[in-house]
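[1] Have a look at this prediction, sequence included:
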Amino acid sequence: MLLYYINLMNFHLDRTDLSEIPSKKLGELREIFEIEVVPYSLILGYSYWGADYILKQILPPGVEIPSSFETIVKYFIYVKFLHLLILTFPSMFVDSTDIFLGHVAHLNITDELLPYKDVIAKVIYDKNQPRIKTVVNKVGTITNEFRVPKFEILAGEDNMVTEVKQYGATFKLDYSSVYWNSRLEHEHLRLISKFQAGDIVCDMFAGIGPFAIPAAQKGCIVYANDLNPDSVRYLKINAEINKVDNLVHAYNMDARKFIAELLVAPSSEGNSKSNAAISKSSEKWDMHANRQTHFEDSCLTDKVEEIPDENLSNSESIGQSCMKEDSNLASAKRRPGSPLEENGMAECASTFVGGKKKLGLNKRLRGCESFNTRPWEHIDHVIMNLPASALQFLDAFIDLIQMRYWKGSLPWIHCYCFMRSSETKEFIKSEAETALGASIQDPTFFRVRDVAPNKAMFCLSFRLPEGACVTGDGRTRIQ
């Protein structure tokens with residue numbers, strides 16, 4: 001009966017006096033109900049209308065309404081719905097989208113709309129609470145060394161600490177002190193898809209871990225570095241949240257010093273106590289090798305066990321035990337005076353829990369083999385996600401890898417960069433070759449996204465050329 005009633009009323013009215021209702025329809029309805037058609041005024045207020053309609057009414061005629069949202073949410077179907085909004089409604093924001101970041105809505109309001117920023121923020125806040133609790137606007141351009149923008153809070157709470165979800169990972173961050181770009185989600189997925197479980201990955205500009213965490217979730221061992229101490233702090237937190245802290249080694253260093261300490265080969269001279277902290281952080285994998293039976297067991301059964309460390313005294317600190325050399329590294333002397341060692345910036349993250357060594361492995365590492373314990377012997381991928389200047393950091397690889405120690409193929413370098421419309425891929429390739437001092441063979445370019453009308457972000461991937469490496473006993477480079 002109700003369905004029949006709905007079908008009867010399925011027609012469109014343009015006049016408010018209801019004179020357009022067909023008499024046949026009214027007759028059919030009167031056969032079912034005792035009805036009388038009377039005018040009725042219904043006021044649809046602020047709470048009824050959506051943000052786009054309200055902004056169209058209150059903003060000056062002729063301006064495009066900021067109604068598109070790029071949202072990071074848990075449920076995929078909601079993401080698809082919001083992507084449809086992006087295609088349906090144009091935006092007046094600098095980068096064509098607003099960003100919802102956990103409970104924070106980030107606006108990039110153009111100069112034309114700046115006089116109306118407060119009312120725009122209020123409407124967005126009102127129509128998206130309680131999920132959105134803070135609305136902010138980026139102020140000026142990013143000029144600091146940590147790539148962290150400045151924000152003004154336009155509506156809601158003064159709280160920039162939030163969580164976002166991407167590709168099954170949870171990221172906690174303070175949006176006011178670390179760099180985060182939600183528009184790179186698909187790029188994170190694309191690059192990680194090229195990695196295999198057990199790969200050794202070096203992330204020179206790791207941030208809070210958008211590459212490092214999913215790589216570890218896939219079963220990679222990740223050496224992740226960032227210059228921003230706040231980013232490194234949240235990187236460690238995110239590794240713990242996502243239960244990959246046994247695979248992510250976090251460092252707070254200049255990228256050049258970091259990669260030098262990671263890949264420098266053992267020296268025949270020097271004090272054994274001066275081992276670089278990178279190798280110290282990887283010693284826990286040597287500990288696994290020393291207990292190979294248990295190691296293989298945990299790989300195959302997915303069990304995570306905590307084994308008491310008989311060699312760790314109650315008075316010995318975690319940092320001191322991380323600095324121990326195990327028997328496999330006793331003869332491997334690293335160059336003295338390591339900045340990593342002297343500054344105490346290396347982290348043996350989660351090697352110890354409650355005075356016990358933790359030998360847990362990611363569940364994706366079923367049937368795995370022993371991990372590489374010496375990064376100067378082999379790594380598989382280097383990520384350089386600093387598009388404004390990553391090309392200039394390529395010179396850090398000159399004469400760094402010594403082929404007499406290296407095992408297997410040279411690493412893939414994934415170097416992000418910007419390319420203007422006046423530039424070509426050959427130009428970018430030549431810039432990279434100049435920095436490396438060697439020719440690059442078969443590079444690949446992937447267009448990540450457009451950042452401006454005449455500027456795009458690319459990922460340049462190539463194998464590190466042997467011409468940038470050291471061969472033999474001296475420092476003579478391969479020609």
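    Perfect, I can see it now.

[2] R447 looks like it's in a helix, true?
    No: counting by DSSP: H, G, I helix; E, B strand; the rest coil, one finds R447 to be strand, located in no helix.

[3] Tally up the residues packed near it, please.
    Neighbours of R447 under the rule other Cβ atoms under 10 Å: 10. Quick note: C-beta positions are derived from backbone N, CA and C, even for glycine.

[4] any idea how far P387 is from it?
    R447 sits 12 Å away from P387 when distances are taken as Cβ to Cβ, to the nearest Å.

[5] what residues do these two have in common as contacts?
    457-458 (Cβ atoms under 8 Å, 6 or more residues apart in numbering).

[6] Give me the residues contacting stretch 113-124.
    With Cβ under 8 Å, 6+ apart as the test, stretch 113-124 has contacts from 51, 54-55, 58-59, 63, 66, 92, 98, 105, 107, 109, 132, 135, 137, 154-155.

[7] Correction: the previous question concerned stretch 128-139.
    51, 100, 103-109, 117, 121, 124-125, 149-160, 175.

[8] give me that answer again for 6 Å
    103-109, 117, 121, 124-125, 149-157, 159 (Cβ atoms under 6 Å, 6 or more residues apart in numbering).

[9] I'd like to know which of those residues are part of helices.
    117, 121, 124-125 (DSSP state H).

[10] for whichever strand or helix holds V232, which positions count as buried?
    In the assignment (DSSP states H and E), V232 maps to helix 229-241. By neighbour count on 16 or more other Cβ atoms under 10 Å, the buried set for helix 229-241 is 230-239, 241.

[11] Contact partners for the closest residue to A255 other than its chain neighbours?
    Excluding the flanking residues, the one nearest A255 by Cβ to Cβ, 6 or more residues apart in numbering is M204, at 4.4 Å. The contact partners of M204, taken as Cβ under 6 Å, 6+ apart, are 225, 255, 384.

[12] Could you double-check that the first one sits in contact with I259?
    What that stands for is N225. No: in this structure N225 lies outside contact range of I259 using Cβ atoms under 6 Å: 8.0 Å.

[13] follow-up on the earlier one: weed out the non-buried ones from the contacts of stretch 128-139.
    Buried among the contacts of stretch 128-139 (16+ other Cβ under 10 Å): 103-109, 117, 121, 124-125, 149, 151, 153-156.

[14] returning to that earlier point: would you list the buried entries among the contacts of stretch 113-124?
    Buried, going by 16+ other Cβ under 10 Å: 51, 54-55, 59, 66, 92, 98, 105, 107, 109, 132, 135, 137, 154-155, out of these.

[15] Out of the contacts of stretch 128-139, which sit inside strands?
    104-107, 150-156 (DSSP state E).

[16] remind me which residues of this structure are low pLDDT?
    Scanning the chain for pLDDT under 70 picks out the ranges 1-20, 66-102, 142-144, 267-373, 472-479.

[17] how's it carved up into domains?
    2-32, 62-159, 169-358, 386-468 (automatic domain parsing).

[18] now the residue nearest to A255: how far from N225?
    For M204, the distance to N225 - Cβ to Cβ - is 6 Å.

[19] same deal with E163?
    As judged by Cβ to Cβ, E163 and N225 stand 23 Å apart.

[20] Neighbour count for those two, which is higher?
    Shown here are E163 and N225; by other Cβ under 10 Å, N225 has more neighbours (27 against 14).

[21] give the contact list for that one.
    Counting by Cβ under 6 Å, 6+ apart, N225 has contacts 204, 206, 251, 253, 258.

[22] same thing but at 7 Å, please
    Each residue near N225 by Cβ atoms under 7 Å, 6 or more residues apart in numbering is listed here: 203-204, 206, 251, 253, 255, 258.

[23] cool, A438 as well?
    Counting by Cβ under 7 Å, 6+ apart, A438 makes contact with 465, 467-468.

[24] any idea which of those residues has the most stuff around it?
    The most neighbours of any of the contacts of A438, using other Cβ under 10 Å, belong to A468, which has 24 neighbours.

[25] Could you look up the SS state of the nearest residue to A197 once chain neighbours are set aside?
    Nearest residue to A197, sequence neighbours excluded (Cβ to Cβ, 6+ apart): G219, at 3.1 Å. Three-state assignment for G219 (three-state DSSP): coil.

[26] Check the spacing between G219 and K429 real quick.
    As judged by Cβ to Cβ, G219 and K429 stand 32 Å apart.
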